Structures are given as C-alpha cells and as structure tokens.
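In: this one's structure only:
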C-alpha cells in the first residue's frame, strides 16, 4: 500500500500529512483545522479568542467550540499529570488550573481573577488529534499528521503500520550522532509525542508550573506513545518536569517511552515500540 505525503512550514518548524489516497483532501482538512486552532488558541495573535478571554479573566466569557474543547483537553492533561501541565502556569500560585470553570451548555469559560490561560503545552497535540480524526472521517482513508513532533493517526494502518523516526529536534531529519537506540519505531494506532529541552531554545522551552522555573528533571528528552497524541504529549511534558520518579510514573501508567538523560543515555520502558 503506497503512502503519500505532504509537508508544510508551520510555527517555525515542519508539519507532515500522510495518507494512502486522496492526499489533497486530507491536506485541505488538516490545514483548515490548524487555522481554526491558531485563530482560537494562539497567544501570539492579538485577534485570537484566547487573547480576548484573558482580557476578561474573572468573568464568564463566551468562546467558540474550538477554544472551549481545547481548554477542556488542557484541564484533562493537568489532572492526568498532577498539575505538571498546568495551562495557568504563568499565573502566580499553585494549581491555577483548578480555578478554571467551563459551562458545557453555553460553551463559556471563566478564568480566575488575574489569571492568564496558555494552551502552549497541549494545543498542538490536541490539534493533531482533531485534524487526523476529521481527515479520516471525511476521506475514509488512514491518515497520519505530524505537527512538529506531535504525531497522531486515525484509521487502519497502511501495510505493516506507520514507520516513525523519533529525534530530539523535530527540525532534523536524523539523530545526527545521538544514540539511535529505539529511535526507529512502528505503530498501528494512537499517537506519539516528543518533548525536549535539547533544541535551540534549551531548558527555557519547558517550565515547571509548580515552581515557575525552568524544568530541571533528569531527562532532556522524553518520547511517549499513547492512545492519543494529547495523552502522549501530556506524559512527555510531565516527564521532563518531574524531578524524581518519572520512569516509574510512566511504567505505572503503562505508557511506552524513550527517555534520553543529560548524558545522552537512552532508556526504553513500558514496551516502547520497535
């Protein structure tokens, strides 16, 4: 079964869309979802919905379905990681995410007074999940979407599965001298996400929401496979933040992982795919 791919520049990196047929339709659908999520969730856009929401913190604010569901996904990730992916990380105080209120009937959101919502830790992975699911539903073909290292799949896998090369920096096509142990994998479904503080932005890229400082965990890179890209991304980010017991935390949750420590040593856990 032949797989066709398309690449595009996105958010300072490269995105990929792969499918077995009807590539043009898949590309149109995926880019449409990306545009929706960017317009709703980007804190870099003065005209985005999240920018408006942050201006009205402390009050109920009506938002569109994209921002509402993206926020709900972020709150799920915060609960699942014991607050290590807090979307209120830039707000003083511990566990600001618990003060976010959602109204399911009206799709309104209320942030705590003085709070500021930032979905940077989860929106990209959630976008990949939504985009790939929508593309598969509308075309009927298997689809893989890779948004700067956040990978989601939908539909029966082509041939013997989706073959993926995991690297620490999504802008590089190969490991370039890294220990390549476990870097080439094959999956049939779900998602894979890699979080790293090894790239050009270094440690500044990942913030510990409990302390407000840069992550100082044992691992510089964590790649996780899970049932969805959102789950994989939440776990990989939390792994970098968690100061101790990250590997045991992943094993308890049976999340297959590839971990690279500061010395460049690679460890595979919980059935990391080969």
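Out: Great, that's in hand. Predicted model, so just to flag it, every value in this text is computed and none were measured.
In: ok, now how distant is residue 5 from residue 225?
Out: 21 Å (Cβ to Cβ, to the nearest Å). To be clear about C-beta, it is placed using only N, CA and C from the backbone, and glycine gets the same treatment.
In: Which one's more surrounded, the two?
Out: residue 225 (27 against 12; other Cβ atoms under 10 Å).
In: Which helix or strand contains that one?
Out: In this structure, residue 225 is located in strand 219-226 according to DSSP states H and E.
In: who's in contact with that strand?
Out: The contact list for strand 219-226 (Cβ atoms under 8 Å, 6 or more residues apart in numbering) reads 166, 168, 185, 187, 190-198, 232-233, 235-237, 239-240, 246, 250, 255-262, 272-273.
In: quick one: residue 23 from residue 158, how far?
Out: 13 Å.
In: repeat for residue 240
Out: Separation of residue 240 from residue 158 (Cβ to Cβ): 32 Å.
In: try residue 97
Out: Counting by Cβ to Cβ, the gap from residue 97 to residue 158 is 38 Å.
In: low-scoring pLDDT stretches of the stretch 151-274 of the chain, where are they?
Out: 169-179, 198-217 (pLDDT under 70).
In: And the helices in it?
Out: 229-241, 246-252 (DSSP state H, counting those that start in this stretch).
In: Just the strands from the stretch 101-250 of the chain, written as ranges.
Out: For the stretch 101-250 of the chain, strands defined by DSSP state E, counting those that start in this stretch occupy the ranges 101-103, 108-110, 143-147, 150-154, 162-165, 184-187, 191-196, 207-208, 213-214, 219-226.
In: Let me have these in a markdown table, adding distance to residue 62 as columns.
Out: Formatted as a markdown table, the strands of the stretch 101-250 of the chain follow (distance: least, Cβ to Cβ, whole Å):
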| stretch | distance to residue 62 |
| --- | --- |
| strand 101-103 | 9 |
| strand 108-110 | 5 |
| strand 143-147 | 28 |
| strand 150-154 | 29 |
| strand 162-165 | 39 |
| strand 184-187 | 39 |
| strand 191-196 | 31 |
| strand 207-208 | 29 |
| strand 213-214 | 35 |
| strand 219-226 | 32 |
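In: Residue 84 is nearest to which of these?
Out: strand 207-208 (7.6 Å; Cβ to Cβ).
In: Name whatever forms a beta bridge with the closest residue to residue 247 other than its chain neighbours.
Out: In this structure, residue 247 finds its nearest non-sequential neighbour in residue 269, 5.7 Å apart by Cβ to Cβ, 6 or more residues apart in numbering. According to DSSP bridges, the residues that bridge with residue 269 are residue 257.
In: same for the top helix by length along the chain, what does it pack against?
Out: Secondary structure assigned by DSSP state H gives helix 23-41 as the longest helix of the chain. Counting contacts by 3 or more Cβ pairs under 8 Å, 6 or more residues apart in numbering; DSSP states H and E, helix 23-41 packs against strand 4-10, strand 13-19, helix 49-55, helix 65-80, helix 123-139, strand 143-147.
In: Show me what counts as buried in the fourth one.
Out: Think helix 65-80. 66-71, 73-78, 80 (16 or more other Cβ atoms under 10 Å).
In: quick check, nearest of these to residue 149?
Out: For those, the closest approach to residue 149 (Cβ to Cβ) belongs to residue 77, at 16.6 Å.
In: my read: that closest one touches residue 119, true?
Out: No. With contact defined as Cβ atoms under 8 Å, residue 77 does not count as touching residue 119 (9.7 Å).
In: which one of the strands of the stretch 101-250 of the chain lies closest to residue 1?
Out: strand 162-165 (11.5 Å).
In: Check which residues of the closest one are buried.
Out: Applying 16+ other Cβ under 10 Å to strand 162-165 flags 162, 164 as buried.
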